[in-house]
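Trainee: here is a sequence together with a model predicted from it:
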Amino acid sequence: MNKHATTLKSDGRFTLTGADRISHLYLPLFNEHGMKAAITPRLGGDLKIDQNHFAIAPATQETMNDPANCRNVFFRVGGDLYNVTGNTPVQRLNDDETTLEIGLLDQTVTRSNARFSVSVTSFVPAVAEAVELHRIVFTNIGKDPLPVKPTIAFPLYGRSADNLRDHRHVTALLNRVRVYENGITNEPTLSFDERGHLANRTAYGVFAVCDRLPVADRWPILEEFNGEGGDLFFPIVPQSDMHSPHRPGAIVEGYEALGGLGFPELTLLPGERLSIVAGYFIAEGSAAVADLAAKRLSLSGFETLLQATRDYWLRETAAVAMHLSSSERSGWLRWVGLQPVMRRIYGCSFLPHHDYGRGGRGWRDLWQDWLALTLLDPKSARAGLVNNIRGVRIDGTNATIVGMNPGEFIADRNNIVRVWSDHGAWPFVTVDFYVQRTGDVDLLFEKTPYWKDKFVHYTKAVDPGFVQNGSNLLSDLNDKPYEGTILEHLLLENVIPFYNVGDHGCVRLEGADWNDGIDMASEHGETVTFTAMYAGNLNRIADLLDHLRKTRNMMFVELPKEAAVLFGTLEKPLVGTPAELHRIRDAYFGSVEGKLSGSLVRMNVIDLIGDLKGKARHWKKLLNEKEWIDGGNGTGWYNGYYDNHGRPVDSASAEGVRMTLTGQVFPLLSGIVPAERVPMIAKAVNTHLKDSKNGLIRLNTDLGKSNLKLGRFAGFAYGHKENGAFFSHMDVMYAYGLFAAGFPTEGNAVLQAQYDYMADIDKARILPGIPEYVDSRGRGMYHYLTGSAAWTVIGYVERIFGVRGFYGDIVVEPKLENAHFDQAEAGCSFIAGGSLCRLIVKNPEHRELGRYVVKTVEYAGKTQMINAASFSVPRKDCAGGITITATLGKAE
């Protein structure tokens, strides 16, 4: 094991020694009902329910361990001052021995020295309440009696993240702090900033109980607690015998608030301990906060609630539990499986690395996360899919931010309205994944509205007749909300880009694509990358329609009359010049600028399939003939982009190699790459993008600052974020693409390198899980909230274990390597037929990948001889939950 980590168990429980010696560690603590926290080994971080309601001030990577952001519990021991955070002068001069233990989802930090130990267990209960609880246990482990005086000092920021820089002091004047027997609440009078003044109803509270001592002093004012010239690193109150002038029932106004609670001094004999349970509580009004504290603050009930929370998160991740070669790898994957849930809760905000945005979930992020959420809970995923598709505009664009409430959509964060050229591709990827896993084709025929705001023509124009009435629903000429099937939404999203191409015939880049940093080529930029993705989608939509034709006798598809211009290409040339395609695009945009007619046209399914296949063939031919680069020495790759001068970004010349990983990933995923070219791509990636030391793959070669005509990424330091970082998201998608293209050994190697690096805390310097990327110094960055997690989970389930869906049936084609097995056995859980099932793969002969077939399959008391690479299990056989045992062996 690593020199820090001691254990990582299969259930995700992880122990780390010397946690103080690794910077920037933090853990999300949250529940499904709005409570969102970040907590560090020093008990720093922050706590909130949304952008406008922070109990602890917002924290960034650089500020999260500031004492003003920590849950401080001081102990005066003799003449020395100690803090459970480790943030006191004596502790910084004489390091404690520190052990961190985390689980799903709780944290225990233990600090010890020769005289005593202090452990703090923290979690957010899995209940429908805004509560964060901490149990502090001080134990005399020395030989002498210890005089101990505890003092709690939890910050009570109590307002919006905006107020950190916008009227920080003025908003403190709104504070109304109430003193209770064992707690303090802050209920500001207003929510206040330059945009308006709203009456505030939210109260924030800190309460505590001790098994051996009553609360003796209450300190509601931060500056009073700190003392003149003091701060929360070395405040005056816990050092002294001062008594507070504030009694229960008092109200203090107009100062920065603190949840300060002092206890009397107590002498602990050797072996004795004292326990305190403290917590944050958020509710509507101070009285409700006090009631909530009385309900949840219990020394006896703490352990029960903690265990219930642990059990809850284990159940929530049971559908992606895996058994592989070691408990460490299985436990690491348990954390990765939880990460998509984290992003559903947090969006791309509210954690220290994600110090941007104002909440909500990004469009692309949401749809990719729903891949893993479909594995975890298909029933809940379905409701999300139906809601999310309502964010599509009739012109094929979409809201870029999906709010936390059903039907809540926002054009863009920070009022920058633009079109991401990749956004239309993701909903079909996810809906198709859901349909294949569940067989729920009825979802495709559910009718749902389109989102409508003032922006039209791919946000290049404004609808002059648009009136904001609060509904944001597209209506017909009768002023009734127009509803189209989900299938209709998906068709429009994927067909419209065919007409929105640049001079080279590839999809216009618009504001950016998957790589948000490629955002300065909106006039002449093109994304070859997502041209491939849309081509793959068009093929798969055609296959889906053909399945519906054969299984449901579906002969026609109804679409809005205005959309007819986008199809029917059998009656005219399929492809024209970009200008001719733009005329079709613009005619359609003009026809849907305001209200729809409400009239429908019936399109013959066979003709529609031919139309989609023809469009896909055109793009496949274009990319394979015009965008392929021969790199020599058996290497080759696709150009990924054209910049704002219309120049290709990827190249191989005497001046050097320029290569993008995205340019290879999406052709592989879309199925347009000829088989003989896949090894050439793999060799090129290994030669030009793979790091020889850590085995990870860069997002691109160094393209130089000249590519500011492509995007802001070129201004980033090379090796960071979207400019050549080891970008986990694209690495794992590359692995998935290699599997999909029939190269499982190469795909396994990429996923193995990811695991080897991320699971080594001395290298990645993160807690278990997968980050967005690894920076140039090797640190994992933007942990937890990343699409890397969803693709890692489905990569293991669908490609390594080979458990894929086919309209609800299960097709199993294992691609496990011998190193994946634990004593010749590996397994994974999955949901099929609406039930939790289990696959166990046995490899008694220890055969390597490529040298085995599935010999036998056993489930429901029956054994089948297979002797093939794959087998299928009907959906009906999975109902009620089954265990499938597949035994590998030599082909006969």
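Mentor: Structure received.
Trainee: all helices for the stretch 201-350 of the chain, in order.
Mentor: Per DSSP state H, counting those that start in this stretch, the stretch 201-350 of the chain carries helices over the ranges 222-226, 286-296, 302-316, 327-346.
Trainee: mean neighbour count, those: which tops it?
Mentor: Neighbour counts (mean count of other C-beta atoms under 10 Å) averaged over each of the helices of the stretch 201-350 of the chain peak at helix 327-346, with a mean of 24. (C-beta placed from N, C-alpha, C; glycine too.)
Trainee: other residues contacting the helix or strand just after that helix?
Mentor: Using DSSP states H and E, the helix or strand that follows helix 327-346 in sequence is strand 361-362. Contacts with strand 361-362, where a contact means C-beta atoms under 8 Å, 6 or more residues apart in numbering, come from 343, 344, 347, 348, 369, 400, 401, 402, 403, 404.
Trainee: got a markdown table for the helices of the stretch 201-350 of the chain, with mean pLDDT and distance to residue 426 too?
Mentor: Below are the helices of the stretch 201-350 of the chain laid out as a markdown table (pLDDT from 0 to 100; distance: least, C-beta to C-beta, whole Å):
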| stretch | mean pLDDT | distance to residue 426 |
| --- | --- | --- |
| helix 222-226 | 96 | 46 |
| helix 286-296 | 98 | 39 |
| helix 302-316 | 97 | 24 |
| helix 327-346 | 94 | 14 |
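Trainee: residue ranges in this structure under the pLDDT threshold?
Mentor: Within the chain, the segments meeting pLDDT under 70 span 1-6, 193-195, 355-357, 413-416, 569-574, 705-707.
Trainee: mind splitting it into its structural domains?
Mentor: Annotated domains of the chain cover 19-98+111-305, 377-467+481-626, 801-889 [automatic domain parsing].
Trainee: got TSV for these, with distance to residue 765 too?
Mentor: TSV is the format used below for the domains of the chain (distance: least, C-beta to C-beta, whole Å):
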stretch	distance to residue 765
domain 19-98+111-305	5
domain 377-467+481-626	24
domain 801-889	25
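Trainee: closest to residue 778 out of the ones you listed?
Mentor: When the domains of the chain are ranked by distance to residue 778, counting by C-beta to C-beta, first place goes to domain 19-98+111-305 at 12.3 Å.
Trainee: and the closest one, end to end?
Mentor: Domain 19-98+111-305 has an end-to-end distance of 26 Å (criterion: C-alpha to C-alpha, to the nearest Å).
Trainee: I'd like the distance between the residue lying closest to residue 684 once chain neighbours are set aside and residue 659.
Mentor: Using C-beta to C-beta, 6 or more residues apart in numbering and skipping the chain neighbours, the partner closest in space to residue 684 is residue 635 (3.8 Å). From residue 635 across to residue 659, the span is 9 Å (C-beta to C-beta, to the nearest Å).
Trainee: so what's the closest residue to residue 462 other than its chain neighbours up against?
Mentor: Nearest residue to residue 462 in three dimensions, chain neighbours excluded: residue 454, at 5.1 Å (C-beta to C-beta, 6+ apart). Residue 454 makes contact with 462, 463, 466, 468, according to C-beta under 8 Å, 6+ apart.
Trainee: for the last one, helix, strand, or coil?
Mentor: Under the three-state scheme (DSSP: H, G, I helix; E, B strand; the rest coil), the conformation of residue 468 reads as coil.
Trainee: also the one 10 residues further on?
Mentor: Reducing the assignment to helix, strand or coil with three-state DSSP, the entry for residue 478 is coil.
Trainee: that one against residue 598, yeah?
Mentor: Yes: in this structure residue 478 lies within contact range of residue 598 using C-beta atoms under 8 Å: 6.5 Å.
Trainee: and stretch 636-652, which residues are buried?
Mentor: Within stretch 636-652, the residues scored as buried using 16 or more other C-beta atoms under 10 Å are 636-644, 647-650, 652.
Trainee: repeat that for stretch 227-240.
Mentor: 232, 233, 234, 235, 237, 238, 239.
Trainee: of those residues, which is the nearest to residue 44?
Mentor: Once C-beta to C-beta is applied, the member of the buried residues of stretch 227-240 that ends up nearest residue 44 is residue 232, at 10.9 Å.
Trainee: what's near enough to touch residue 263?
Mentor: So residue 263 contacts 149, 150, 151, 210, 213, 214, 215, 216, 276 (C-beta under 8 Å, 6+ apart).
Trainee: next SSE downstream of the helix ranked longest in the chain?
Mentor: When the chain is parsed with DSSP state H, its longest helix is helix 528-552. Next in sequence after helix 528-552, counting helices and strands by DSSP H and E, comes strand 556-560.
Trainee: rewinding a little: would CSV of the contacts of residue 454 with neighbour count and distance to residue 59 be doable?
Mentor: Listed next are the contacts of residue 454 as CSV, based on neighbours: other C-beta atoms under 10 Å; distance: C-beta to C-beta, whole Å:
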residue, neighbour count, distance to residue 59
462, 13, 39
463, 16, 41
466, 15, 40
468, 9, 36
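Trainee: before we move on, back to that, could you tell me the angle between the longest helix of the chain and strand 556-560?
Mentor: 130 degrees (axes from the mean of the first three to the mean of the last three C-alpha atoms, to 10 degrees).
Trainee: buried set for helix 528-552?
Mentor: 528-542, 544-546, 548-549.
Trainee: touching, residue 114 and residue 142? I think so.
Mentor: Yes: between residue 114 and residue 142 there is a contact at 6.2 Å, judged by C-beta under 8 Å.
Trainee: from the buried residues of stretch 636-652, which two are the most distant?
Mentor: Pairwise distances across the buried residues of stretch 636-652 (C-beta to C-beta) peak at 26.1 Å, for the pair 636 and 644.
Trainee: picking up where we left off before, tell me the one among the buried residues of stretch 227-240 nearest to residue 594.
Mentor: For the buried residues of stretch 227-240, the closest approach to residue 594 (C-beta to C-beta) belongs to residue 232, at 57.6 Å.
Trainee: how close does the residue nearest to residue 58 when sequence neighbours are not counted sit to residue 132?
Mentor: In this structure, residue 58 finds its nearest non-sequential neighbour in residue 161, 4.6 Å apart by C-beta to C-beta, 6+ apart. Applying C-beta to C-beta, the value for residue 161 to residue 132 is 18 Å.
Trainee: neighbour-wise, which of the two wins?
Mentor: residue 132 (27 against 22; other C-beta atoms under 10 Å).
Trainee: what's across from that one in the sheet?
Mentor: Note on residue 132: beta-bridge partners by DSSP bridges are residue 280.
Trainee: close enough to count as contact, it and residue 34?
Mentor: No: using C-beta under 8 Å, residue 132 is not in contact with residue 34; the gap is 11.9 Å.
Trainee: list the contacts for residue 684?
Mentor: Counted by C-beta under 8 Å, 6+ apart, residue 684 has contacts 631, 635, 636, 637, 659, 664.
Trainee: before we move on, what SS does it have?
Mentor: Assignment for residue 684 (three-state DSSP): helix.
Trainee: could you report the neighbour count for residue 50?
Mentor: A count of nearby residues for residue 50, using other C-beta under 10 Å, gives 17.
Trainee: moving C-terminal of the strand or helix carrying residue 7, what's the next helix or strand?
Mentor: According to DSSP H and E, residue 7 maps onto strand 5-8. Sequence-wise, the next helix or strand downstream of strand 5-8 (DSSP H and E) is strand 14-17.
Trainee: which other helices and strands contact that following strand?
Mentor: Packed against strand 14-17 by the contact rule (3 or more C-beta pairs under 8 Å, 6 or more residues apart in numbering; DSSP states H and E) you find strand 5-8, strand 97-103.
Trainee: and the ones you listed as TSV, adding distance to residue 771?
Mentor: Conversion of these to TSV gives the following (distance: least, C-beta to C-beta, whole Å):
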stretch	distance to residue 771
strand 5-8	16
strand 97-103	16
